[in-house]
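**Q** Here you go, sequence then predicted model.
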Amino acid sequence: MATAPRAYPELVRGPWHAGTRVAHVHLCAAALTANVQSRLVGHASDSTAFPFCNPAILQSCNRMIPVIVLAAGKSTRMGRLKANLPLGAGHTFLTRVVATFLDAGVDDVVVVVGHEADAVIAEFVKSGLPARFVQNRAYERGQLSSLLAGLAVVDRPGLAATLVTLVDVPLVSAATVGAVLRQYERTHALVVRPTRGDEHGHPLLVDRSLFHEIRLADPSLGAKPVVRAHITLDSGVEVADAGAFADIDTPEDYEQALTSLGRSAG
């Protein structure tokens, strides 16, 4: 059995330290998370602006619940690098995702990159938004490898949980992120995610107590069996946010999204 990955936190600066830095994360032997590099980009967000977190739960909404954005794939179905595709209002897929979580009061944003990592980071830096980047050199082994790379960076004593989302789902709203955080704070469910009838979307919130199970998950199945095993009546948050369920994978999906955004702007 592979040793579970561990990050040495003294080598990784949190996102509340200003300035652009590069930090290297040393990992113990792990087949799915070798050669992971973490980069801190930009500067700290305004710690006073948390529109969806009341003061009583500010601590857990802010630094104790980061978000891992999975953006390492090849975008094969899209045919173009999805993270860098423009999405209106000066945003790309990736910058819109990051801006949304910052608006929701999540100030530790960790982006896992792999395919064309340098191009993704270079484009993102132009936005001036704060985020940390983790390069998963084993990204072709599947999405679980990227999730493990993200967990290796965010996991630390005192962490309550992590949010997980995909760069493929850039239209989710900050209100939905806030609803997921509030549901977790209210119920302490081990898994929380937005729902719409029988559908479930992003972001997914996973309690830290499940990280070990995820690290032991079958790579061919990913984290889904772990998530499903811990779904309860408190896990779902009913939302009317179509963006939480809009997985943009193909050129047709992209054109529909642009059309929808154009209608909204109008």
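**A** Perfect, thanks for sending it. Residues are numbered from 1 along each chain as shown.
**Q** Roughly how far does the residue lying closest to residue 127 once chain neighbours are set aside sit from residue 109?
**A** Excluding the flanking residues, the one nearest residue 127 by Cβ to Cβ, 6 or more residues apart in numbering is residue 95, at 4.5 Å. In this view, the C-beta of every residue, glycine as well, is placed from N, C-alpha and C. From residue 95 across to residue 109, the span is 11 Å (Cβ to Cβ, to the nearest Å).
**Q** more neighbours, the two?
**A** Shown here are residue 95 and residue 109; by other Cβ atoms under 10 Å, residue 109 has more neighbours (26 against 23).
**Q** Return the set of residues that bridge with the more buried one.
**A** Going by DSSP bridges, residue 109 is paired in beta bridges with residue 67.
**Q** What are the boundaries of the strands in the stretch 101-250 of the chain?
**A** Ranges of strands in the stretch 101-250 of the chain, per DSSP state E, counting those that start in this stretch, are 109-113, 131-135, 161-166, 191-196, 199-200, 204-207, 236-238.
**Q** So for the residue nearest to residue 127, what pLDDT did the model give?
**A** Residue 95 is assigned 98 on the pLDDT scale.
**Q** swap in residue 36?
**A** Looking at residue 36, its pLDDT stands at 42.
**Q** same check, this time on residue 88
**A** pLDDT, residue 88: 88.
**Q** Measure how buried the residue nearest to it when sequence neighbours are not counted is and give me the count.
**A** Leaving aside its chain neighbours, residue 88 sits nearest to residue 261 (4.8 Å; criterion: Cβ to Cβ, 6+ apart). By the measure other Cβ under 10 Å, the count of residues near residue 261 is 17.
**Q** Before I go, just wanted to say thanks for your time.
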